[in-house]
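J.: kindly return the folded structure for what I paste below:
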Amino acid sequence: MFNTKIDEQEINFIAEIEEAGEKILNDKREIVAVCQQQNWFRESVRSLQKSEEEKIFMSFGISMFKIPKKNALKFLNKGNEELKEQEMDLRKNLKDSVMVLSQIEDSPGMKGLNLNPLSSEERKAISDLIGD
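T.: Okay, here's the model as predicted:
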């Protein structure tokens, strides 16, 4: 017969794995929400750039204000930059959460998880070196 009795240690191990997995899923949800907001900001900026109006109405909370288009563009671009920083932080947290889960499961981890893209200076240096 099978032993259906589960040790306290096994329950704690499974709970740790579940918590780490839930954190990963929450981080992914937050990244998706931030990316959707970034898309909305980009759409708004593009719409304003196409507009010929000098002043536009912009909503702040429950109030609408008529402001110059250039100020609205500055505001939207600043918000988009803040969202990019927030997304980068969330992605870093996601990588950390995945590493924690790998450690809990005692697995070797994901190869290449901590790779970063080349900067524009690095790409230019490689391009100059290769001759493209």
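J.: how about the helices in the chain?
T.: 8-50, 69-105, 120-130 (DSSP state H).
J.: what's the closest of those helices to residue 113?
T.: Closest approach to residue 113 among those is made by helix 69-105 (5.8 Å; C-beta to C-beta). Where C-beta positions appear, they are placed from N, C-alpha and C, glycine not excepted.
J.: packing partners for the closest one?
T.: Judged by 3 or more C-beta pairs under 8 Å, 6 or more residues apart in numbering; DSSP states H and E, helix 69-105 is in contact with helix 8-50, strand 55-60.
J.: most tightly surrounded among the helices of the chain?
T.: Most buried of these by mean neighbour count (mean count of other C-beta atoms under 10 Å) is helix 69-105; its value is a mean of 15.
J.: weakest of the helices and strands packed on helix 69-105 in terms of mean pLDDT?
T.: Mean pLDDT is lowest for strand 55-60 out of those, coming in at a mean of 87.
J.: distance check, the residue positioned nearest the centre of the chain against residue 32.
T.: Taking C-alpha atoms, centre = their mean, the centroid of the chain lies closest to residue 87, which sits 2.9 Å from it. Using C-beta to C-beta, to the nearest Å, residue 87 is found at 10 Å from residue 32.
J.: and residue 17, by the same measure?
T.: Counting by C-beta to C-beta - residue 17 and residue 32 are separated by 23 Å.
J.: ok, residue 81 next?
T.: Residue 81 is 19 Å from residue 32, by C-beta to C-beta.
J.: cool, residue 131 as well?
T.: 41 Å.
J.: do residue 21 as well
T.: As judged by C-beta to C-beta, residue 21 and residue 32 stand 17 Å apart.
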